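Enquirer: could you work out the structure for the sequence below:
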Amino acid sequence: MSQGEIVIYTDGSARGNPGPGGLGVVMLYGKHRKELSEGFRLTTNNRMELLAVIRGLETLKRDDLKVKIYTDSRYVSDAVNKGWVFNWEAKRYKKKKNADLWQQLLELYRKYSVTFIWVKGHASIPENERCDRLAVEASYGEGLPEDSGYVDNNDKSLSSFS
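Expert: Residues are numbered from 1 along each chain as shown. All right, here's what the predicted structure looks like:
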């Protein structure tokens, strides 16, 4: 890790898809370490993977940082690294799920010099394993809030999940 570079590990989890979900983030900068987690009562795994990246980037306090994001989500890493999300954006996310989160991610992505690196999940990578634990634990929280972006974009009722 070089000066001016932050490393962010992210993971998302959903118990059921949809179901209760959570996200975990581990941020490393020099000697500093920060962990974040958040849970929602009804969401999807892909939404939590995206939101984990967003929460990590939202936490940054300087715009001049190089950011390496390690994720075990091909959905996230391939969408950016293979350029798919930029095509989705050009087409205004027509028929694409999670457009609300992709828009947020791209807005933050453009503020920094971001590199996405895919890592195999559950492969004994300590920070990735920690993110997984944070995400799963967050999904079990009491009084979890709504993932309003999920609820707003789906016709499903929360009544069966309350």
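
Enquirer: gap between the residue nearest the centre of the chain and Asn87?
Expert: In the chain, the residue lying closest to the centroid (C-alpha atoms, centre = their mean) is Ala52, at 2.5 Å. Going from Ala52 to Asn87 by C-beta to C-beta, to the nearest Å gives 23 Å. No exception for glycine: its C-beta is placed from N, CA and C like everyone else's.

Enquirer: related to what we said a few turns ago, contact partners of the helix or strand the residue nearest to the centre of the chain falls within?
Expert: In this structure, Ala52 is located in helix 45-59 according to DSSP states H and E. Here helix 45-59 makes contact (C-beta atoms under 8 Å, 6 or more residues apart in numbering) with 8, 10-14, 17, 21-25, 27, 34, 36, 38, 40, 67, 69, 71, 73, 75-76, 97-98, 101-102, 104-105, 108-109, 111-112, 114, 131, 135, 147, 149-150.

Enquirer: so which bits of that helix are buried?
Expert: Across helix 45-59, burial judged by 16 or more other C-beta atoms under 10 Å covers 45-57.

Enquirer: burial count for the closest residue to Asp78 other than its chain neighbours?
Expert: Nearest non-adjacent residue to Asp78, counting by C-beta to C-beta, 6 or more residues apart in numbering: Trp84, 6.9 Å away. A count of nearby residues for Trp84, using other C-beta atoms under 10 Å, gives 14.

Enquirer: any idea how far Trp84 is from Gly141?
Expert: 32 Å.

Enquirer: with Glu127 instead?
Expert: Distance of Glu127 to Gly141, given as C-beta to C-beta: 22 Å.

Enquirer: where do the helices sit along the chain?
Expert: For the chain, applying DSSP state H gives helices covering 45-59, 74-81, 84-90, 99-109, 126-139, 148-152.

Enquirer: tell me which of these sits most buried.
Expert: Greatest average neighbour count among the helices of the chain goes to helix 45-59 (a mean of 23), per mean count of other C-beta atoms under 10 Å.

Enquirer: average pLDDT across that one?
Expert: Average pLDDT, helix 45-59: 97.

Enquirer: same check, this time on stretch 147-162
Expert: 61.

Enquirer: repeat that for stretch 84-103.
Expert: 95.

Enquirer: could you dump it to PDB, C-alpha only?
Expert: What follows is stretch 84-103, C-alpha atoms only, in PDB (Å, rounded to 0.1, in the frame of the first residue of the first chain):
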ATOM      1  CA  TRP A  84     -20.800  -3.000 -18.800                       C
ATOM      2  CA  VAL A  85     -22.100  -0.400 -16.200                       C
ATOM      3  CA  PHE A  86     -21.000   2.500 -18.500                       C
ATOM      4  CA  ASN A  87     -23.200   1.000 -21.300                       C
ATOM      5  CA  TRP A  88     -26.000   0.600 -18.800                       C
ATOM      6  CA  GLU A  89     -25.600   4.200 -17.800                       C
ATOM      7  CA  ALA A  90     -25.700   5.400 -21.400                       C
ATOM      8  CA  LYS A  91     -28.900   3.500 -21.900                       C
ATOM      9  CA  ARG A  92     -30.300   4.900 -18.600                       C
ATOM     10  CA  TYR A  93     -30.200   1.500 -16.900                       C
ATOM     11  CA  LYS A  94     -33.200   0.300 -19.000                       C
ATOM     12  CA  LYS A  95     -34.300  -3.000 -17.700                       C
ATOM     13  CA  LYS A  96     -31.400  -3.200 -15.300                       C
ATOM     14  CA  LYS A  97     -31.800  -4.000 -11.600                       C
ATOM     15  CA  ASN A  98     -30.300  -1.800  -8.900                       C
ATOM     16  CA  ALA A  99     -30.100   1.300 -11.100                       C
ATOM     17  CA  ASP A 100     -30.300   3.500  -8.000                       C
ATOM     18  CA  LEU A 101     -27.100   1.900  -6.500                       C
ATOM     19  CA  TRP A 102     -25.200   1.800  -9.800                       C
ATOM     20  CA  GLN A 103     -25.900   5.600 -10.200                       C
END
